[in-house]
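Visitor: Give me a 3D structure for the following:
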Amino acid sequence: MSPDEAQAGRKALGKTTRRHFLKGAAALTLTGSVTRPALARAGGRQAHSAHRPILAYVGTYSSPQGPEGSAGYGRGIYLFQMDPSTGALAERDVFADASNPSWLALDPSRTHLYAANETATFGGANSGSVSALAIDRSSGHLTLLNTVSSEGAGPAHLSVHPSGKYVLVANYEGGTVAVLPIRPNGELGPPTDVKRDQGTIGPTHAASAPHGSFAISGHDRPHAHMIHSDPAGRFVLASDLGLDQIFVWRFDVQKGRLVPTDPASVPLPPGDGPRHFTFHPNGRWLYSLQEEGSTLVAFDYDAATRRLTPKQTISSLPKPFTGTNFTSEIVVSPDGKFVYAANRLHDSIAFFSVGEGGILTFAGEAWTRGDYPRSFNINPSGNLLYCCNQRSDAITCFRINRQTGSLAFTGQYTPVGTPAIIIFLT
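Guide: As a prediction, this is how the structure comes out:
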C-alpha cells in the first residue's frame, strides 16, 4: 500500500467534526481527502549554550472530557530532549496534570512556564484555569507555583506580554479575554482586566470555504481563540472565531489594562472563522489563518497606529481539493522566507513563499504522517518542524529545506497521547 493510499484509508475511518460540528453533523459520513510563532522566532534568535541540551515541552489533552467531547489520552505536560542531528525526542519527565494543559507559553527570561488548562470546571465555576510553573534551568523540571481562574470557560490560547509582567489568555467557550499579572516570584495574581467579546455572529457557512465543505464550528456565539501583543508590546490583538473579527486594544503596561481603540476590530470574511495569527519577523506584516474558510489573509500592520490593512486572501489547500477541512496553526519561519499552515482532515502542512510586500505564493504541502494536526512548531535552529497529531497520538518531525521551504519527513515518530502544542526551551 502506498503512503497516499494509507493516508486515505485513515481519513475514511477518522472523525470529521470540530466542536459544535460534532453535534450538528453527526449523521454525515465524510470519505476521501478531507506564538508558537513568537516563541519560535525568539528561540531562533538566541544562541544556545554548548553545554545545555535543547529541551521541549509538550502540552496535551489529559482529561476524560478532552477536545470536541472526545477523551484525552495525555498525562499532562511532557518534557523532551531534542537530538539536533536526527530530530529525535527523548522523554525526560512528565508534569502530571489532568486538566487539559493544551496551550503553553514561556516568559521572556525562560524561567517560568504558563499553561492554559482547557476546562470549564475550575473552582466549581464555569471557567478554565491558568497555571504558573517554575523551570529548573539545569534539568527542565517543572514545579507548580499556583493556578488561577482564566476568567472564562475553555481557555484555548495564552501568551506572555513582552514586558514579562502579564499573561494574556483567550477563553474559547467563554468568549472572553483576560489579563493576569505576573508577580515577582512568577506566580499569577487576580486579573487586571477582562473583556467580553461583543458583535454580530457570523454566518454558519464560511464565505471562502472549499466547494462541498461542511466545516461548521463556532458561529453560535463569541469564541475568543487567540490573544497576543504586537512585537513592540504597545497593542494587544485577539481573534474571535464566532464574530469573524480581530480585536485590537492599546495596552496600558502600568495598569495591565486593555484600552479600546477606534475602530475596535478588523473584519475577516463572513463565516471564515479567524483562529490564529502571526507577525512576520519584520513586524510590518500580519498573517491570519481562518479555521472554517481554510484561508490565510495577509495584512499590512502599522505599528504606530495599530492599523491592519488587508491585501491578500489565499487558500491553505491545493486547488483540486473539495470537501471539509479545518485549519489549526500558522507559523512564519525564523528567517521570514516562508509561512506554514496546518490543515486538519486534509492532514497536511502547506507552505508559502513570502514575496515582495509580504505577498504569499503557495509553494507546496506535506502530509503530516498523522491525524488531525492541532499545532506545530519550528525548532530554534529553524531546520526542523514538529507536528502534534492530536488524533493519532504522535508528534512527527520534518526537515525543512531552507531554500525552498519544503518539508521532508525524518522518520521520527514520538508517541504522546492527544498532543496539542510543542514549545522549545533555549
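Visitor: so what's Val416 up against?
Guide: The contact partners of Val416, taken as Cβ atoms under 8 Å, 6 or more residues apart in numbering, are 58, 60, 74, 78, 388, 393-395. For the C-beta atoms, the positions are set from N, CA and C on the backbone; glycine is no exception.
Visitor: tell me which of the residues you listed is nearest to Val253?
Guide: Nearest to Val253 among the contacts of Val416 is Val58, at 30.9 Å by Cβ to Cβ.
Visitor: any idea how far Ala98 is from Pro84?
Guide: Distance check for Ala98 against Pro84: by Cβ to Cβ, to the nearest Å, it reads 32 Å.
Visitor: residue ranges for the strands of the stretch 151-300 of the chain, please.
Guide: 155-160, 166-171, 176-181, 193-196, 224-229, 235-240, 245-252, 257-267, 274-279, 285-290, 295-302 (DSSP state E, counting those that start in this stretch).
Visitor: can you give me the offset of the longest one from its chain's centre?
Guide: Same thing as strand 257-267. 22 Å (Cα atoms, centre = their mean, to the nearest Å).
Visitor: heads up, I number from 856, so please use that
Guide: Fine by me, first position is 856 from now on; the one you just mentioned is strand 1112-1122.
Visitor: other SSEs contacting it?
Guide: strand 1031-1036, strand 1048-1051, strand 1100-1107 (3 or more Cβ pairs under 8 Å, 6 or more residues apart in numbering; DSSP states H and E).
Visitor: ok, back up a step: of the strands of the stretch 1006-1155 of the chain, flag the one that's most buried.
Guide: strand 1021-1026 (a mean of 29; mean count of other Cβ atoms under 10 Å).
Visitor: Now do that one: distance to the chain's middle.
Guide: On Cα atoms, centre = their mean, the centre of strand 1021-1026 falls 13 Å from the chain's centre.
Visitor: Also stretch 1199-1214?
Guide: Worked out by Cα atoms, centre = their mean, stretch 1199-1214 lies 15 Å from the chain centre.
Visitor: now swap in stretch 1056-1073 and tell me
Guide: Per Cα atoms, centre = their mean, the centroid offset for stretch 1056-1073 relative to its chain is 20 Å.
Visitor: Could you check that stretch and say which residues are buried?
Guide: 1056-1057, 1060-1065, 1068-1073 (16 or more other Cβ atoms under 10 Å).
Visitor: Surely Gly1019 touches Asp962?
Guide: Yes. Counting by Cβ atoms under 8 Å, Gly1019 sits close enough to Asp962 to count as a contact (5.2 Å).
Visitor: before we move on, back to that, tell me the least confident of the buried residues of stretch 1056-1073?
Guide: Minimum pLDDT for those is recorded at Ser1072 (80).
Visitor: what about the closest residue in space to Ala943 that isn't next to it in sequence, which SS state?
Guide: Excluding its sequence neighbours, the residue lying closest to Ala943 (Cβ to Cβ, 6 or more residues apart in numbering) is Gln1267, at 5.3 Å. Following DSSP: H, G, I helix; E, B strand; the rest coil, Gln1267 is assigned to strand.
Visitor: hang on, the earlier thing: any common contacting residues for Gly1019 and Asp962?
Guide: Ile1037.
Visitor: Comparing those two, which shows the higher neighbour count?
Guide: More neighbours surround Asp962 than the other of Gly1019 and Asp962, with 19 against 15 (other Cβ atoms under 10 Å).
Visitor: and that one, what is it in contact with?
Guide: So Asp962 contacts 968-969, 1015, 1019, 1037, 1041 (Cβ under 8 Å, 6+ apart).
Visitor: Could you check how far Gly1212 is from Asp1248?
Guide: Taking Cβ to Cβ, one finds Gly1212 at 41 Å from Asp1248.
Visitor: what's the answer for His967, then?
Guide: Taken as Cβ to Cβ, the span from His967 to Asp1248 is 28 Å.
Visitor: ok, now Ser925?
Guide: 12 Å.
Visitor: More neighbours: which of these two?
Guide: Counting neighbours by other Cβ under 10 Å for Ser925 and for Asp1248 shows that Asp1248 has the greater number, 19 against 16.
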